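# Sharing a model that was predicted from the sequence below.
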Amino acid sequence: MEKSSFRYVEAERRILAMIESGALAPGDKLPSLRNFCRTVNVSLSTASQAYMELERKGLVESRPRSGYYVRTTKAKLPTPQAETGPLSRPVFVNRTALIRDVLMTMGDPNVLQLGLAHVGPELMPVKALTRLLGKAMRDDGEKGLEYESIQGCLPLRRQIARRMAGLGVEVAPSDILITSGCMEALYISLRVLTKPGDNVLIASPTYYCFLQLLETLGLRAVELPSHPEHGVDPAEVRRCADHYGISACILTPNFNNPDGSLMPDEAKEEIVDFLAGRRIPLVEDDVFGEIHFSGRRPGVGKRFDRKGLVLHCSSFSKTLSPGWRLGWMIPGRFLDHALDIKATTNVCCVTPTQLAMAEYLDSTAYDRQLRRLRCDVERQMRTMQACIARTFPEGTRVTDPKGGTELWLELPKGVDTVQLFSRAKAEGIGICPGSIFSTRDRFDNFIRISCGKPWNDEVERAVVRLGEMAGEG
């Protein structure tokens, strides 16, 4: 994104913030273009572009010879209610068939994918990554054709260690294992920590691939309610540990998928310390941690790990390239066992992409990419929320995350979202029904929608149509 383009996005965000805070109410007149230019120190063309973009998205309207006004629309929707009730008993998972149906839409050119948690290639540094991948093969083509070490490319591990140091996590490159995306890191973690029949603590709702892993490995899930704002309650973790024999926990403290909840750093520390006292390992999924909308990057549980019991897992799939399948894990005291499993799973990760990624990270390019990406995703998410508020049926609730790419929608009671998924797919729209995010049937009227795809007329038409179908029951 060029500097002028970035300034227009910033200008647009300023108006959006005024609308969301109530400083500009429905029907209010926006500042004149010249006054706005002086207030935010942008050019007239930049301000005009921001106003026209807001009009295109249906958030404001222009009136001839009068100016721009906030469009009269529904108030901001409430957030879904937090789950309550007794502790979930350990249960074996049985969701793979439905999850498979959802995943089968991935990569289908006939489906506009609003369900998968990914960022569109339009927001990725395609040219830079392509150039570096070609350079890696030109500079040392023979090395690019060779196996990499099981643990992964050393220059890449060095770069990851440097970035982890910025989060207060002091690790050496020798502590890091490169994986084929975060999913392989999670798989290795559970293989290391559990055996069939063990109980694993998870959030509710949780990322459906966690459930898929538990089902594949013959593990039982113990579900803890996740609050849409602050995630899992440390007191509930204690209660579960007191009631059931827990072999491991697998959580996403930063922007839990699908509800987008952000666990406070104090809660992360409390959970890590308590689990360490019980010698219960924690698998920490941090794939969304870099996509935050505030000035401060949320911390990670690994920072508070004093006994090597936190297995930190992440990847570049959400921020740079899902197709490169580059992730990593910091297994702590379980490194040797993790290496054994990695060696017998796929030996090592692809060499050229590791070399190219190491060079990309050895510059300021990644930090610039992250700043642009956060801005773009937040803008898309706010536009999506506003469109949902205008077009979905009465009684709809939607989360208001402080990061990540996902919105978690609670539709009116009686809406069967598995049926909605099938109807939407038949019309070329991909969504995720809520029932795949839990072993229990408490989210049958929920859906997850991704905001990673740039907003355009096609996306808007799809969201409007979803709202119509949801209103039809």
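Alright, I've got the coordinates. Quick caveat, the model's predicted, so the values are computed rather than measured.
# and the longest strand for this structure?
Ranked by residue count, the top strand of the chain under DSSP state E comes out as strand 220-227.
# The very next helix or strand once past it - contacts with which helices or strands?
Once the chain leaves strand 220-227, the next helix or strand it forms, by DSSP states H and E, is strand 231-232. If you count contacts as 3 or more Cβ pairs under 8 Å, 6 or more residues apart in numbering; DSSP states H and E, strand 231-232 packs onto strand 220-227, helix 265-277. The way it works is simple: take the backbone N, C-alpha and C, and place the C-beta from them, glycine included.
# Repeat the analysis, applying 10 Å as the threshold.
Packing contacts for strand 231-232, counted by 3 or more Cβ pairs under 10 Å, 6 or more residues apart in numbering; DSSP states H and E, involve strand 199-204, strand 220-227, strand 246-251, helix 265-277.
# Sheet-wise, list the partners of that strand with their directions.
Neighbouring strands of strand 231-232 in its sheet, by DSSP bridges, are strand 220-227 (antiparallel).
# Report the mean per-residue pLDDT for the partner strand.
Average pLDDT, strand 220-227: 94.
# Equivalent analysis for stretch 26-38, please.
pLDDT averaged over stretch 26-38 gives 85.
# Which parts of that stretch count as buried, going by neighbours?
Using 16 or more other Cβ atoms under 10 Å as the test for burial, stretch 26-38 gives 30-31, 33, 36-37.
# for these, which one is nearest Ser438?
Nearest to Ser438 among these, counting by Cβ to Cβ, is Leu30 at 42.6 Å.
# Ignoring the adjacent residues along the chain, who's closest to the closest one?
Of all residues not flanking Leu30 in the chain, Tyr68 sits nearest, at 4.3 Å (Cβ to Cβ, 6 or more residues apart in numbering).
# picking up where we left off before, dump the buried residues of stretch 26-38 into a markdown table; add distance to Leu214 as well.
Shown next, in a markdown table, are those (distance: Cβ to Cβ, whole Å):
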| residue | distance to Leu214 |
| --- | --- |
| Leu30 | 50 |
| Pro31 | 53 |
| Leu33 | 55 |
| Phe36 | 52 |
| Cys37 | 55 |
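# Just name the closest of those residues to Glu10, please.
Checking those against Glu10 with Cβ to Cβ, the nearest one is Phe36 at 12.1 Å.
# Could you double-check that the closest one sits in contact with Tyr51?
Yes: assessed by Cβ atoms under 10 Å, Phe36 is found in contact with Tyr51 at 8.0 Å.
# Between these two, which contacts overlap?
Listed contacts common to Phe36 and Tyr51 are 11, 15, 30, 68; contacts here mean Cβ atoms under 10 Å, 6 or more residues apart in numbering.
# Now the two most distant members of those.
Longest span within the shared contacts of Phe36 and Tyr51, Cβ to Cβ: Ala11 and Tyr68, 12.7 Å.
# any shared contact partners between these two?
Residues touching both Ala11 and Tyr68 (Cβ under 10 Å, 6+ apart): 36, 48, 51, 54.
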